[in-house]
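Novice: For reference, the sequence and a predicted model appear below.
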Amino acid sequence: MVDLKSQYEKIKATVDASIQEVLDTTTYINGPKVHEFQKNLEEYLDVKHVIPCANGTDALQIAMMGLGLKPGDEVITADFTFAATVEVIALLQLTPVLVDVDLVNMNISIDAIKKAITPKTKAIVPVHLFGRAANMEAIMAIAKEHNLYVIEDNAQAIGANCKFSDGTKKKAGTIGHVSSTSFFPSKNLGCYGDGGAIFTNDDALAHTIRGIVNHGMYVRYHHDVVGVNSRLDSIQAAVLNAKLPLLDSYNEARQNAARKYTAAFEGHKNIIAPTICDNCDCHVFHQYTLRIIDADRDALMEHLLAKGIPCAIYYPIPLHSQKAYVDSRYKEEDFPVTNQLVKEVISLPMHTELDDEQIKFITDSVLEFLK
Ligand SMILES: *Cc1c(COP(=O)(O)O)cnc(C)c1O
């Protein structure tokens, strides 16, 4: 699905030199590389505070701890996402409220959010799924009306833009009260191990979170709140510093590949391909995900795998049907779209190194099966 080897070969000299600096200075934890990366990412995103941490799941959990959410508080999130999103809500003994998604952009449904709000609702967690920015303008308006926090799960959409009706654009992850991201190797900005970060424009919240990631310490050996140990290590920060200047070109390479895929599938009766909106960067294609209608999606997958083409189903089971998250409050009729998507979606290879020949082989193979 991804080709991290070819990508590394092109940037080997800078990445190796950056890692070597860490080895030479032996500042493995909280070294200058981490601070440098934090500053660089703040500038790139145009956000006041980036707080690096150990991974994207921790980032979400710490963001929620920072907001002071309490057991029993209801947190609304999408039924169609990676489990990490709902996992941390449950771990903190908050009450996850899963809601349906939109059929076209596959992100949390605005109507479903409105219907799910109760007096106990405290926060909404939109996920910018597969790299496409959720409708933040509508979500922020609902949050304002009901006095709710918005925590953006931006693990899949770093670099994407959210467009507002007045024509302005802001980077995904800089609009809600706080956001999280992941630098897992296959993410759009990936390191060579685990990594993550929290973003916020709120000075007080940033201060709280900086203590939480470091055992609740604001002054050495004074533990004011219950914290965690969650750090980005210096070697990963070195890799990220080398890769951040390339993020826009990486996202463009993904968009170009997506454009070629979608052109090949245009108008096919069995394929709903993602649309690519020119000059707005609202979709940075962490995944390139098709919907297959009136055809055997699983047989298509077998066909592609047999030809040596990696492909995957993200995600095969809605979260509301997962054993860990079943809840008597959920009714199947509340999730028509997720229940449909899990049967229709298939993700094709998507990364920065796809060439025309590979794309042609992949699209020809899909079309050969669907005729
Ligand atoms: C990858 C991912 C995470 C978790 O990130 P890790 O760094 O693997 O912990 C959370 N949410 C979403 C939507 C993701 O895709």
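Specialist: Nice, I can see it.
Novice: Can you report how many residues lie near residue 167?
Specialist: Neighbour count of residue 167, defined by other Cβ atoms under 10 Å: 6. Where C-beta positions appear, they are placed from N, C-alpha and C, glycine not excepted.
Novice: try residue 79
Specialist: Neighbour number of residue 79 under other Cβ under 10 Å is 29.
Novice: got a list of what it touches?
Specialist: 98, 99, 100, 101, 318, 319, 320, 335, 338 (Cβ atoms under 8 Å, 6 or more residues apart in numbering).
Novice: One more pass at 10 Å, please.
Specialist: The contact partners of residue 79, taken as Cβ atoms under 10 Å, 6 or more residues apart in numbering, are 86, 96-101, 108-109, 112, 315, 318-322, 325, 330, 334-335, 337-339, 341-342.
Novice: Tell me the pLDDT of it.
Specialist: Reading off the confidence values, residue 79 has pLDDT 98.
Novice: I'd like to know how many residues surround residue 331.
Specialist: A count of nearby residues for residue 331, using other Cβ under 10 Å, gives 8.
Novice: quick one: it from the ligand, how far?
Specialist: Distance of residue 331 to the ligand, given as Cβ to the nearest ligand atom, to the nearest Å: 25 Å.
Novice: In contact with that residue, which residues?
Specialist: Contacts of residue 331 by Cβ under 10 Å, 6+ apart are residue 320.
Novice: circling back to that earlier point, just the buried residues of the contacts of residue 79.
Specialist: Among the contacts of residue 79, those buried by neighbour count (16 or more other Cβ atoms under 10 Å) are 86, 96-101, 108-109, 112, 315, 318-321, 325, 330, 334-335, 337-339, 341-342.
Novice: Among the residues you listed, which ones are in strands?
Specialist: The members of the buried ones among the contacts of residue 79 that map onto strands under DSSP state E are 96, 97, 98, 99.
Novice: now these in a markdown table, with distance to residue 296 and pLDDT?
Specialist: Shown next, in a markdown table, are these (distance: Cβ to Cβ, whole Å; pLDDT from 0 to 100):
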| residue | distance to residue 296 | pLDDT |
| --- | --- | --- |
| 96 | 33 | 97 |
| 97 | 34 | 98 |
| 98 | 28 | 98 |
| 99 | 29 | 98 |
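Novice: okay if I get those as CSV plus distance to residue 249?
Specialist: Formatted as CSV, these follow (distance: Cβ to Cβ, whole Å):
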residue, distance to residue 249
96, 37
97, 39
98, 36
99, 36
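Novice: For those residues, give me TSV that also has distance to the ligand.
Specialist: Formatted as TSV, these follow (distance: Cβ to the nearest ligand atom, whole Å):
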residue	distance to the ligand
96	14
97	17
98	14
99	16
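Novice: Show me where the stretch 201-350 of the chain has its helices.
Specialist: Taking DSSP state H, counting those that start in this stretch as the test, the helices found in the stretch 201-350 of the chain are 203-212, 234-243, 247-265, 297-306, 336-344.
Novice: Good, wrapping up.
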